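Asker: fold the following for me, if possible:
(chains A, B, C and D)
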There are 2 protein chains.
Amino acid sequence: MTDLAPHELRILVAVDRDRSFTAAATALGMSQSAVSHAVRGCERKLGAVLFERGRHGARPTPAGAQAAAHARQILHLLATLATETRAAAQQTAELTGPLRIVAFRSAAAHLLPGVLARLTARHPGLEPELRIVREIGRGTAGEVADGHAELGIATLDAATGQSPSPSLPGLLAGRLFTEPYALAHPVGHPLPRTLPLVDWDENCGSYTRDWWRSQDWIPAATVNVEDDTVTLSLVAQGLGMSIMPALTLLGAPPGVAVTGLGPQPPTRTVGYVTTPALARTAAVRELIRELRSVPAPTLAPSV
Amino acid sequence: MTDLAPHELRILVAVDRDRSFTAAATALGMSQSAVSHAVRGCERKLGAVLFERGRHGARPTPAGAQAAAHARQILHLLATLATETRAAAQQTAELTGPLRIVAFRSAAAHLLPGVLARLTARHPGLEPELRIVREIGRGTAGEVADGHAELGIATLDAATGQSPSPSLPGLLAGRLFTEPYALAHPVGHPLPRTLPLVDWDENCGSYTRDWWRSQDWIPAATVNVEDDTVTLSLVAQGLGMSIMPALTLLGAPPGVAVTGLGPQPPTRTVGYVTTPALARTAAVRELIRELRSVPAPTLAPSV
DNA sequence: CGGCTTCCATGAAGGCTGCTCATGGAACGG
DNA sequence: CCGTTCCATGAGCAGCCTTCATGGAAGCCG
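Answerer: You can find the predicted model right below:
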């Protein structure tokens, strides 16, 4: 049989994480030799080299990274099998266990606290862990695909409701809400359009690009920053204006005025991303249920 | 360890399907005793009764049905792990074709040879072509944007990790390392600060300008040359001194002494530039992987 | 350039685990 | 009451995983 045993999965994950047979072995409380034998066994079973051995430890090959990503997912499902089976035996709907969530900053700050509060109120045994991941590169969906999280909050393609990330097959996405962009500008500034536009890296622009095209003005200049909170600070200090989604604007400090962008503002769609297998687990289903019950953020009343 | 092994999962699924230990055993090609032992082992690990045994076989309890459902998912994922891992290995093994790379001179001379050697060692089918492009004007990023190369080595903005070039939209940049500048001066010269500063066109100064501002001396004169190797030659012949990045100084001829610029030297950030579409191709991904494994250059010991 | 250190690989030996075989107990039907 | 058909149980054996003890290769450093 070519299946990998749980202890082998654990070893793959540890080596992938520690980039070293020796470090993985001590982390797992066993000898380096055991790790070496186990990795070799995995490679024999799979017929592929999983790690490049060298002077500086072990680097995963593409095949190894792929295997480790699956291994993380499988190990979580094995743990879920145990907890959910025990729960079913006790006839109790009590959910327990860790639930790793990744989200971009504004969702983590304004969307998830309430959701997680309600979730843990109903299921005190759940241990949600929220991690902030910037929505660039493979973004939150990549974290889910790599088995680093059970569910990710991501920006989705508005039309298809799928993750727009480049080819992450096998992921399951669902739409939560579509929110408008709005203009954030300093309170009381007479001519906000003359200020430089502040954009931030994650706001890859694809959502607002169409809107810009239909406008008859272009900003005087553009400044790029890394973080949306920095953007808001710059705006609050009168150093610029910005086009930001409603969720981010919920955290706008005083000094930032918000103005809608008319009847057809640009929008972005926010949703969740998980795997089909995880979508069948009780914990993830409950989390999605809570997420769905959240209303779409609207523009805060202009200060 | 409470995890269920793959063979145990298979047994659970078979018993759940066949409603009988005996039938499951024959279906799996093993003895009824083995199934009995295995099921008992699962029940012990999970702490729950999974099947009701009776005269007419084995009926799954709710817990057993739950466990079997998860077991099917996990077995499917284990199979997926194997096939996708093999596919990933296959894909990287079959990498072939040309791979056009542009880089500024010092990266081409000191960074890429080792990288390309390792890359072609692992993927003999790849044919990397390295072209040197001066980092002025649109630089290497422009070559990538124009489709003349798959990947460029470029100097990036230290803060954002993006290409500092004037708005080449749609390009994907990634940071590789940040290296310090250092003072290159003739060996044995008593007063290097009295020599003229040799600057070269590519060293547009933006990286070192802040540092100069904090200094209490300014060079006697400034000479501009086209090429960093010319700069080094001038220094070696005692005709000047220069501030150059570590990567360039790796090629310093004898006669050039290198001195660090203190605890907070100016630095420049070197990275790669490609397009999102190319970043998805296996060849470019592998190249980036090799690039990332290169340590940041440090100052060669002063001769 | 040679020792030192730090990686991983390898082979032999021991213990654990899972399998089979043989047998026993329980329930049902004739 | 007997036969049949389930599953349970215990002993023995084979295979696997781990450890121990080495060895080889590759930097690091004087």
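Asker: do a quick rundown of the helices in chain A.
Answerer: A:6-18, A:21-28, A:32-46, A:62-89, A:105-110, A:112-122, A:139-145, A:206-213, A:228-236, A:246-249, A:276-279, A:282-292 (DSSP state H).
Asker: could you confirm whether the fourth one reaches DNA strand D?
Answerer: No: with Cβ under 7 Å from any atom of the strand as the threshold, helix A:62-89 lies outside contact range of DNA strand D, at a closest distance of 14.4 Å. Using the backbone N, CA and C atoms, a C-beta is placed for each residue, glycine as well.
Asker: could you check whether that helix is close to DNA strand C?
Answerer: No: using Cβ under 7 Å from any atom of the strand, helix A:62-89 stays clear of DNA strand C, coming no nearer than 12.2 Å.
Asker: show me which residues of that helix are buried.
Answerer: Applying a neighbour-count criterion of 16 or more other Cβ atoms under 10 Å in any protein chain shown, one finds A:62-78, A:80-89 buried in helix A:62-89.
Asker: can you spell out which helices and strands pack onto it?
Answerer: helix A:6-18, helix A:32-46, strand A:97-103, helix A:276-279, helix A:282-292, helix B:32-46, helix B:62-93, helix B:282-292 (3 or more Cβ pairs under 8 Å, 6 or more residues apart in numbering or on different chains; DSSP states H and E).
Asker: closest to A:Leu195 out of those?
Answerer: strand A:97-103 (29.8 Å; Cβ to Cβ).
Asker: parallel or antiparallel, which strands does that closest one pair with?
Answerer: Sheet pairing for strand A:97-103, assigned by DSSP bridges, gives strand A:126-132 (parallel), strand A:151-156 (parallel).
Asker: for that strand, buried residues please.
Answerer: Buried residues in strand A:97-103, defined by neighbour count with 16+ other Cβ under 10 Å: A:Gly97, A:Leu99, A:Arg100, A:Ile101, A:Val102, A:Ala103.
Asker: report the beta-bridge partners for the second one.
Answerer: So that's A:Leu99. A:Pro128.
Asker: how much space separates it from A:Arg118?
Answerer: A:Leu99 sits 14 Å away from A:Arg118, going by Cβ to Cβ, to the nearest Å.
Asker: tell me which of the helices of chain A lies nearest to B:Ala279.
Answerer: Between the helices of chain A, helix A:139-145 lies closest to B:Ala279; by Cβ to Cβ that is 12.8 Å.
Asker: and that closest one, how far out from the chain middle?
Answerer: Centroid separation for helix A:139-145 versus its chain: 6 Å, with Cα atoms, centre = their mean, to the nearest Å.
Asker: count the residues that sit near A:His189.
Answerer: Residues lying near A:His189 (other Cβ atoms under 10 Å in any protein chain shown) number 14.
Asker: which of the strands paired with strand A:97-103 is buried the deepest?
Answerer: For the strands paired with strand A:97-103, the largest average neighbour count (mean count of other Cβ atoms under 10 Å in any protein chain shown) is found in strand A:151-156, namely a mean of 27.
Asker: let's test this: mean pLDDT of that strand, rounded?
Answerer: Average pLDDT, strand A:151-156: 94.
Asker: that one to helix A:282-292, inter-axis angle?
Answerer: 40 degrees (axes from the mean of the first three to the mean of the last three Cα atoms, to 10 degrees).
Asker: from B:His76, how far out is the residue in the stretch 51-200 of chain A that DNA strand D sits nearest to?
Answerer: Nearest to DNA strand D in the stretch 51-200 of chain A, going by Cβ to the nearest atom of the strand, is A:Arg55, at a distance of 3.6 Å. Distance of A:Arg55 to B:His76, given as Cβ to Cβ: 39 Å.
Asker: ok, A:Arg53 next?
Answerer: Applying Cβ to Cβ to A:Arg53 and B:His76 gives a distance of 31 Å.
Asker: repeat for A:Glu290
Answerer: A:Glu290 sits 28 Å away from B:His76, going by Cβ to Cβ.
Asker: then A:Phe51?
Answerer: A:Phe51 is 25 Å from B:His76, by Cβ to Cβ.
Asker: ok, A:Glu226 next?
Answerer: The value you get for A:Glu226 to B:His76, if Cβ to Cβ is used, is 40 Å.
Asker: and chain A, what are its domains?
Answerer: A:6-68, A:90-177+A:269-292, A:180-266 (automatic domain parsing).
Asker: tell me which of those sits nearest to B:Thr140.
Answerer: Per Cβ to Cβ, nearest to B:Thr140 of the domains of chain A: domain A:180-266, 19.9 Å.
Asker: start and end of the closest one, how far apart?
Answerer: Domain A:180-266 stretches 6 Å from its first residue to its last (Cα to Cα, to the nearest Å).
Asker: quick check: mean pLDDT of it?
Answerer: Mean predicted lDDT for domain A:180-266 stands at 82.
Asker: the closest residue in space to A:Lys45 that isn't next to it in sequence - how many residues pack around it?
Answerer: In this structure, A:Lys45 finds its nearest non-sequential neighbour in A:Thr2, 4.7 Å apart by Cβ to Cβ, 6 or more residues apart in numbering or on different chains. Other residues within reach of A:Thr2, judged by other Cβ under 10 Å, total 14.
Asker: so what's A:Thr2 up against?
Answerer: The neighbours of A:Thr2, taking Cβ atoms under 8 Å, 6 or more residues apart in numbering or on different chains as the test, are A:Lys45, A:Leu46, B:Ala82.
Asker: with pLDDT as extra columns, can I get the residues you listed in JSON lines?
Answerer: JSON lines is the format used below for the contacts of A:Thr2 (pLDDT from 0 to 100):
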{"residue": "A:Lys45", "pLDDT": "95"}
{"residue": "A:Leu46", "pLDDT": "96"}
{"residue": "B:Ala82", "pLDDT": "96"}
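Asker: looking at those residues, spot the one nearest A:Ile243.
Answerer: Using Cβ to Cβ, these come closest to A:Ile243 at B:Ala82, 46.9 Å.
Asker: contacting residues around that closest one?
Answerer: B:Ala82 touches A:Thr2, A:Asp3, A:Leu4, A:Lys45, A:Leu46, counting by Cβ under 8 Å, 6+ apart.
Asker: what's the answer for A:His189, then?
Answerer: A:Leu195, A:Gly238, A:Met241.
Asker: for the spatially closest residue to A:Pro276 that is not a sequence neighbour, give the beta-bridge partners.
Answerer: Nearest residue to A:Pro276, sequence neighbours excluded (Cβ to Cβ, 6+ apart): A:Leu172, at 5.1 Å. The partner list for A:Leu172 in beta bridges (DSSP bridges) reads A:Thr274.
Asker: neighbours of A:Leu172, how many?
Answerer: Neighbourhood size, A:Leu172 [other Cβ under 10 Å]: 17.
Asker: so which residue of the stretch 101-250 of chain A comes closest to DNA strand C?
Answerer: A:Asp146 (21.0 Å).
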